[in-house]
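A.B. asks: the following block contains a protein sequence and its predicted model.
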Amino acid sequence: MCGIVGWSSSKKELPKTALQAATLALAHRGPEAQGIYINTKNTVGFGHRRLKVIDVSDASAQPFHSKCGRYVLIYNGEIYNYKAIAKQLDLQTHTSGDTEVIIEAYAKIGTKSFELLNGIFAFAIYDTQEDKMVLCRDRSGIKPLYYYYQNQQLIFASEIKAIKEFPDINLSINPAAFAEFLHIGFNTEPFTAYKNIYKFPAGNFAVIDVKKIGSESKLDFVKYWSIQDKILPETYKNEAEVEKKLEELLINSIESQMISDVPLGTFLSGGIDSSLITVLASKINKSKIKTFSIGHDIKKFDESVFAAKVAATIGTEHYEYKMNADNLNEVLHDIINCYDEPFFDSSAFPTMLISKYAKKEVTVTLSGDGGDELFMGYGMHQWASRLENPMVRLFRHPFYWGSQFLNFKFKRAGWLLNYSDHNHVTSHIFSQEQYLFSEKELQHYLVNTDFNFDKINQLVKTNRTLTPKEKQSIWDVQNYLKDDLLVKIDRATMRYSLESRVPFLDNNILDYALNIDTQLKFKNGESKYILKKILYKHLPEDLFKRPKQGFAIPLASYLRKEFKHLVDKYLSPIVVNRYDIVANLYVQELKNRFFAGEEYLYARVWVLVILHWWLEENA
């Protein structure tokens, strides 16, 4: 796992000191080695920081040159099936790692090789002969890749902070991104908080002619994988067959992702997804596997007791850490610099802490990310079905008004009914499940109400009619998973030079899970039904008989105590008026209501704190 950065222009001179500074800015992603490549014409520069995981020798150091000498590669990630690709293409390799396989496969069959790659990756290959460059990102967007294409130059990097090291770039803030951020807590691909910095689209590659940089207005992307193409006309409905096939795919995925030349463990929350990954990994591994969990000193938010029971049942070497106000302060002020953009998801804090502690024991971890999204583990999947009910749609307005006179549970249900446009119901459901601002609220409270949520509610065109739960689930995979959860774990783990792998997002599992029938994912009122069937073959069902909790922190409590200074500072009238994004009178009213006892407003308070905190640091 590594950090990559590149610069190219046919009209400008390569800023070599900036390339070195940008490479150094990614040192946390790869603390063990640094490499720089500059072509003979000073029109292309690559920087690489290396975290040694597979083939820890210098033979796999980067930038990596092909055997023929024509191609140069910088790469962040892991390819799990690299040995199979080498065999399939009859590649003659001289190292034991995956880096060489990527570049030699490309040298042999070009961009068709990208379809063979099963892993987590973002890379750039420079063709010294044709003076062309190709950028590519993995199917699910597990590994990050950002780019800046303006002022006759192309800059790309694993993190925005590296791009910002280059001179002569336009770092204008993107106000259009803030409505979306306040609505769902993140910005969807390709947009970022900067006008001219974009997320490279997942499952795509782009070929760039260096000689034409500056004369062409944009990059042309080519899809080599898409959800739309993988959804079949019919679903897999046979329960026994699906259970058998899915377990087989999970075992194969975990086994391939346990390949490592450095110590490896798993994140274990004690929930369904991480427990399934851990128990299967422990059966594959010959030695006792290391597991890591983090709990809270506030009992209501402490799941570590459940993780400990699972670990004891499996027989892992278990490491348990507790989160409290003191160690929270160790990572609190990293939240802005670590993520480069406004980042709402407060579970970043425990993720950063557990990564920091786990790094003392291992260099690679497996996580359960993707399980909820692919197998309908959230309450919002049920709400998607409810809101499609004709009777609910007909009477939703009187239901909403009536609910506001009842207790909080009914009020919250009423908010979900109170959407402004049925075509935007997907993001509305997500927004209200996260306690964030609805579209209606933003129309009232934003200073600039010229925003539109059409794009984030666009659904893929498919070969079959999707159920409401499927639509919400696919939205999660394309947006929440890619642009929030995977961002969270990548930055949190790489902040401490720890590689995280996600077995649920293996190519074969992803393609198969998209076509498992809804009735096998959500059955008899039970979410993740088919995953649980597999899990309960290996672990006692009683270990998991409790309400779903999620990887949360007591944010409402923290905002009243440990984080109150952030509220006072960043939601002061002076700061709010300085940026004039949300009406100051409303922000002050929101704060007063929250501190007066309307605890459910904590998410709205926090998202506003993060936005204004980021603006104060970056605007």
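C.D. replies: Sure, I can see it.

A.B. asks: how about residues contacting whichever helix or strand residue 380 is part of?
C.D. replies: Element membership for residue 380 (DSSP states H and E) is helix 379-386. Helix 379-386 is contacted from outside by 392, 416, 425-426, 429-430, 433, 467-469, 471-473, 522, 527, using C-beta atoms under 8 Å, 6 or more residues apart in numbering. No exception for glycine: its C-beta is placed from N, CA and C like everyone else's.

A.B. asks: now the helix or strand just after that helix: how far from the chain's centre is it?
C.D. replies: Counting by DSSP H and E, the next helix or strand C-terminal to helix 379-386 is helix 390-403. Chain-centre distance of helix 390-403: 35 Å, with C-alpha atoms, centre = their mean, to the nearest Å.

A.B. asks: export helix 390-403 as CSV, just CAs?
C.D. replies: Taking C-alpha atoms only, helix 390-403 is exported to CSV below (Å, rounded to 0.1, in the frame of the first residue of the first chain):
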residue,chain,number,x,y,z
PRO,A,390,-49.2,3.6,-2.6
MET,A,391,-51.1,4.2,0.6
VAL,A,392,-48.1,5.7,2.4
ARG,A,393,-47.5,8.0,-0.6
LEU,A,394,-51.1,9.0,-0.7
PHE,A,395,-51.4,9.9,2.9
ARG,A,396,-47.8,10.9,3.7
HIS,A,397,-48.6,14.6,4.4
PRO,A,398,-51.3,14.0,7.1
PHE,A,399,-49.1,11.2,8.5
TYR,A,400,-46.2,13.6,8.7
TRP,A,401,-48.2,16.4,10.5
GLY,A,402,-49.8,14.0,12.9
SER,A,403,-46.4,12.5,13.8
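
A.B. asks: could you give me the average pLDDT of it?
C.D. replies: Regarding helix 390-403, the rounded mean pLDDT is 88.

A.B. asks: same thing with stretch 298-317?
C.D. replies: Mean predicted confidence for stretch 298-317 is 90.

A.B. asks: could you do stretch 95-103 as well?
C.D. replies: 96.

A.B. asks: which residues does that stretch contact?
C.D. replies: Stretch 95-103 has contacts (C-beta under 8 Å, 6+ apart) with 54-55, 57, 59-60, 62, 64-66, 71, 73, 75, 78-79, 82-83, 85-86, 91, 93-94, 113, 117, 119, 121, 123, 125.

A.B. asks: could you rerun that using 6 Å?
C.D. replies: 54-55, 59-60, 64, 66, 71, 73, 75, 79, 82, 85-86, 93 (C-beta atoms under 6 Å, 6 or more residues apart in numbering).

A.B. asks: now those as TSV including neighbour count?
C.D. replies: Below are the contacts of stretch 95-103 laid out as TSV (neighbours: other C-beta atoms under 10 Å):
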residue	neighbour count
54	20
55	16
59	13
60	21
64	25
66	19
71	20
73	25
75	26
79	25
82	26
85	19
86	17
93	16
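
A.B. asks: and those residues, which two are the farthest apart?
C.D. replies: 54 and 71 (20.0 Å; C-beta to C-beta).

A.B. asks: show me the contacts for residue 520.
C.D. replies: Residue 520 neighbours (C-beta under 6 Å, 6+ apart): 239, 242, 530.

A.B. asks: of the residues you listed, closest to residue 349?
C.D. replies: Of those, the one sitting nearest to residue 349 (C-beta to C-beta) turns out to be residue 530, at 31.9 Å.

A.B. asks: in the stretch 151-300 of the chain, which spans are helices?
C.D. replies: Using DSSP state H, counting those that start in this stretch, the helices assigned to the stretch 151-300 of the chain run over residues 160-163, 176-184, 227-230, 239-257, 272-284.

A.B. asks: for those, which one sits closest to residue 597?
C.D. replies: Closest to residue 597 of these, according to C-beta to C-beta: helix 176-184, at 23.0 Å.

A.B. asks: helices along the stretch 451-600 of the chain, start to end?
C.D. replies: According to DSSP H, counting those that start in this stretch, the helices that the stretch 451-600 of the chain contains are 468-475, 486-494, 507-513, 518-521, 529-535, 555-560, 564-570, 573-579, 584-595.

A.B. asks: about what we covered before: let's have the contacts of stretch 95-103 in JSON lines, adding secondary structure.
C.D. replies: As requested, those are exported to JSON lines (DSSP: H, G, I helix; E, B strand; the rest coil):
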{"residue": "54", "secondary structure": "coil"}
{"residue": "55", "secondary structure": "coil"}
{"residue": "59", "secondary structure": "helix"}
{"residue": "60", "secondary structure": "helix"}
{"residue": "64", "secondary structure": "strand"}
{"residue": "66", "secondary structure": "coil"}
{"residue": "71", "secondary structure": "strand"}
{"residue": "73", "secondary structure": "strand"}
{"residue": "75", "secondary structure": "strand"}
{"residue": "79", "secondary structure": "strand"}
{"residue": "82", "secondary structure": "helix"}
{"residue": "85", "secondary structure": "helix"}
{"residue": "86", "secondary structure": "helix"}
{"residue": "93", "secondary structure": "coil"}
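
A.B. asks: which residues sit in contact with residue 219?
C.D. replies: With C-beta under 6 Å, 6+ apart, residue 219 has these contacts: 149, 206.

A.B. asks: please shift the residue numbers so they start at 39 in all later answers.
C.D. replies: Sure, I'll start counting at 39 from here, so that last one is residue 257.

A.B. asks: tell me the pLDDT at it?
C.D. replies: Value for residue 257, per-residue pLDDT: 93.

A.B. asks: and the residue nearest to residue 520 when sequence neighbours are not counted, how far from residue 543?
C.D. replies: Nearest residue to residue 520 in three dimensions, chain neighbours excluded: residue 179, at 4.0 Å (C-beta to C-beta, 6 or more residues apart in numbering). According to C-beta to C-beta, to the nearest Å, residue 179 stands 9 Å off from residue 543.

A.B. asks: for the helices of the stretch 189-338 of the chain, could you give me CSV that also reports distance to residue 525 and mean pLDDT?
C.D. replies: Formatted as CSV, the helices of the stretch 189-338 of the chain follow (distance: least, C-beta to C-beta, whole Å; pLDDT from 0 to 100):
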stretch, distance to residue 525, mean pLDDT
helix 198-201, 11, 98
helix 214-222, 13, 97
helix 265-268, 19, 94
helix 277-295, 20, 98
helix 310-322, 18, 97
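
A.B. asks: can you lay out the ones you listed as a markdown table showing distance to residue 623 and mean neighbour count?
C.D. replies: Formatted as a markdown table, the helices of the stretch 189-338 of the chain follow (distance: least, C-beta to C-beta, whole Å; neighbours: other C-beta atoms under 10 Å):
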| stretch | distance to residue 623 | mean neighbour count |
| --- | --- | --- |
| helix 198-201 | 33 | 23 |
| helix 214-222 | 17 | 22 |
| helix 265-268 | 43 | 16 |
| helix 277-295 | 52 | 18 |
| helix 310-322 | 43 | 23 |
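
A.B. asks: mind putting the ones you listed into TSV with distance to residue 360?
C.D. replies: Shown next, in TSV, are the helices of the stretch 189-338 of the chain (distance: least, C-beta to C-beta, whole Å):
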stretch	distance to residue 360
helix 198-201	31
helix 214-222	31
helix 265-268	39
helix 277-295	28
helix 310-322	18
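
A.B. asks: picking that back up, buried residues in the helix holding residue 418, which are they?
C.D. replies: 418, 419, 420, 421, 422, 423 (16 or more other C-beta atoms under 10 Å).

A.B. asks: go on, stretch 491-506?
C.D. replies: 491, 494, 495, 500, 504, 505, 506.

A.B. asks: report the lowest-confidence entry in those.
C.D. replies: residue 500 (88).

A.B. asks: wait, it touches residue 269, no?
C.D. replies: Yes: with contact defined as C-beta atoms under 6 Å, residue 500 reaches residue 269; the gap is 4.3 Å.
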